[in-house]
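> let's see this in three dimensions:
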Amino acid sequence: MSETNRLKWLRVALVAFGLIFLVGLFLLGLVWPSGWSWHTGYSDYYLMIVGVYATLGLFLIAAARDPLANRSLIQFTIWSSVVHGLIMTFQSFAPGSHGHLMGDVPALFLVAVVLGALMPRNGKRLPLPVTP
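Residues are numbered from 1 along each chain as shown. Take a look at the predicted model:
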């Protein structure tokens with residue numbers, strides 16, 4: 001895939017995942033709680049995680065305007081999805097949590113794989129922050 005096409009599809013993926021993070025997670029938790037919500041009934045935790053992901057969704061949508069200028073946000077999304085998915089994979093083996101192995105766990109890995117595959121391959125590394 002050419003860099004131009006890769007960048008075009010990366011923009012599409014950023015907007016799509018941004019919208020899913022912004023509103024989709026909340027709705028999925030209502031429709032399929034055993035695959036997306038870790039608690040039954042009202043949960044402060046669920047609202048907190050939905051709020052964090054909604055905020056990330058807004059930033060991913062904004063990053064779609066210039067993905068190259070927002071590579072660190074995209075890398076954060078990739079790696080935090082991998083870590084979150086790995087932790088949740090192990091937690092999904094608890095009694096009553098197996099639905100997550102077909103819900104949010106593969107969704108997190110999908111986000112990481114798609115964004116990772118679409119990141120530009122120009123070989124430039126991100127600069128490290130300068131510390132005083």
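> surely Trp9 and Pro120 touch.
No - with contacts defined as CB atoms under 8 Å, Trp9 does not count as touching Pro120, sitting 11.2 Å away. C-beta coordinates here come from the backbone N, C-alpha and C atoms, glycine included.
> for the protein, which segments count as strands?
For the chain, no strands are identified by DSSP state E.
> okay, and the helix or strand of it with the least pLDDT?
Lowest by mean pLDDT, DSSP states H and E among the helices and strands of the chain is helix 33-36, with a mean of 63.
> okay, now Val52: neighbour count?
12 (other CB atoms under 10 Å).
> so which residues of this structure form helices?
3-19, 25-31, 33-36, 44-63, 71-91, 104-118 (DSSP state H).
> which elements pack onto the fifth one?
Which is helix 71-91. Counting contacts by 3 or more CB pairs under 8 Å, 6 or more residues apart in numbering; DSSP states H and E, helix 71-91 is packed against helix 3-19, helix 44-63, helix 104-118.
> got TSV for those helices, with distance to Gln91 too?
Listed next are the helices and strands packed on helix 71-91 as TSV, based on distance: least, CB to CB, whole Å:
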stretch	distance to Gln91
helix 3-19	22
helix 44-63	13
helix 104-118	9
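> looking at these, which is nearest to Leu28?
With CB to CB as the measure, helix 104-118 is the member of the helices and strands packed on helix 71-91 nearest Leu28 (7.9 Å).
> show residues contacting that closest one.
Applying CB atoms under 8 Å, 6 or more residues apart in numbering, the set of residues contacting helix 104-118 from outside is 6, 9-10, 13-14, 17, 28, 35-36, 74, 77-79, 81-82, 84-85, 88-89, 92.
> buried ones among those?
By neighbour count, with 16 or more other CB atoms under 10 Å, the contacts of helix 104-118 hold 6, 10, 13-14, 17, 28, 35-36, 74, 77-78, 81-82, 84-85, 88, 92 as buried.
> mind telling me which of the helices of the chain the model trusts least?
Lowest mean pLDDT within the helices of the chain: helix 33-36, at a mean of 63.
> once you drop chain neighbours, what's closest to Ile20?
Nearest-residue entry for Ile20: Gly57, 7.1 Å, with adjacent residues in sequence omitted and distances by CB to CB, 6 or more residues apart in numbering.
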